[in-house]
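In: Have a look; sequence and predicted model below, questions after that.
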Amino acid sequence: MRDFSTAIRLDPSEQHFRLPGPRQGLSLFLRFLLAVNRVFQPRRAVLYVHGATFPSALSIAHRFDGKSWRDALGEAGYDVWGLDFYGFGHSDRYPEMEHPARDNPPLCVAQDAAKQIEVAVRFILAHQNIEKVSIISHSWGSMPASIFAAAHPALIDRLVLFAPIARRAPRRYETPPAFPAWRIVTSEDQWNRFIEDVPAHEQPVLSRVHFEEWSKLYLDSDPDSRSRDPFGVKTPLGPFSEILEAWHGSLAYDPAAVRAPVAIIRGEWDGLIPDDDPRWLFDAFTQAPVKRDIKISRGTHLMHLEAMRSALWRESIGFLHGDDVAALPT
């Protein structure tokens, strides 16, 4: 099996940890950056949970023009952790990824990923001697994050669901397609996904220069990516399969089981999330004591990499501060 243990530090102060994961013999990778401004006592930590195709280094920790979402959180007083699921970034690959894709079912489904989150959270709480952690998730990552939050309410402070996938009504006479264990995702696949939702008459929200810089690092996340034609990253397909299942009536978790404060944050041009989706999801979090549904203009499903990313950062930080809890009656 390929060795994914070596990771470049994205900041001189960044720390790396390898943890034994829930699957015997496979380890998980965590990156950690202490807050720049230590304004909270006790300390407050955020765990970032990535989506279907790229890991933490390319999302919350990636710096455009010298600054990342992680940096903004650190300036606001939060210690920030990033988890790579099995099959992504610097975590170990599933052994099934060495076999033909059609030999196994989709890898890294939400229930499996939620167990990986639990390992990471329990390590974070012990390492920092704190009682709770907040989670920021992207896209499909909202599924394992919400499964974990529902199962372990005492360990969760707040839950930010950025561009979350929601359940849609079952499609009559139609079932979701079957997926293999993994597939190759190319840089061109990513570029097309990044630009496809921007209306034709609007200015781009991601520059090609920024993308080319990001794309090189994306290919670096798989040591074999440049040996393929075309270049591409081997990617588990559990997330894709569960997105399609949700759109055919079967969401991987029950939002009503989540009892933490929840914020749904999405972009105006998110083609994967029409307005009915967050409306349904907002209503479905019936036990969340605080809920927000935040829509940001000129953003797509990949807004954390786009021109409106600073607005996303501000909204997430504002919600994490927890100033929206109503006073108890006297």
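Out: All right, it came through fine. Numbers count the residues shown, from 1 in each chain.
In: So, low pLDDT: which residues of the protein?
Out: 1-5, 326-330 (pLDDT under 70).
In: Let's see that with 90 instead.
Out: Counting by pLDDT under 90, the low-confidence segments of the chain come to 1-7, 37-39, 41-42, 170-177, 323-330.
In: can you give me the helices in it?
Out: 69-75, 110-128, 142-151, 187-195, 208-220, 238-246, 276-284, 309-320 (DSSP state H).
In: And the first one, what's buried?
Out: Spelled out, that is helix 69-75. 69-74 (16 or more other CB atoms under 10 Å). Glycine gets a C-beta too; all of them are placed from N, C-alpha and C.
In: for stretch 148-157, same thing?
Out: By neighbour count, and taking 16+ other CB under 10 Å as the criterion, the buried residues in stretch 148-157 are 148-152, 155-157.
In: re earlier: just put the buried residues of helix 69-75 in TSV and tack on distance to His50.
Out: Putting these into TSV (distance: CB to CB, whole Å) gives the following:
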residue	distance to His50
Trp69	12
Arg70	12
Asp71	17
Ala72	17
Leu73	15
Gly74	18
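In: Gln24 - how many residues pack around it?
Out: When neighbours are counted by other CB atoms under 10 Å, Gln24 registers 6.
In: Out of the helices of the chain, which gets nearest to Gln41?
Out: Closest of the helices of the chain to Gln41 is helix 110-128, at 12.5 Å (criterion: CB to CB).
In: partners of the spatially closest residue to Ser56 that is not a sequence neighbour in the sheet?
Out: Leaving aside its sequence neighbours, Ser56 sits nearest to Gly82 (CB to CB, 6 or more residues apart in numbering; 2.8 Å). Assessed by DSSP bridges, Gly82 has beta-bridge partners Arg31, Tyr48.
In: State the distance from Gly82 to Pro100.
Out: Applying CB to CB, to the nearest Å, one obtains 31 Å for the distance of Gly82 from Pro100.
In: again, but for Ile296
Out: Here the criterion is CB to CB. By it, Ile296 lies 41 Å from Pro100.
In: Which residues are in contact with Glu96?
Out: Each residue near Glu96 by CB atoms under 8 Å, 6 or more residues apart in numbering is listed here: 103-104, 107, 181-182.
In: can you rerun that using 7 Å?
Out: With contact taken as CB atoms under 7 Å, 6 or more residues apart in numbering, Glu96 is in contact with 104, 107, 181.
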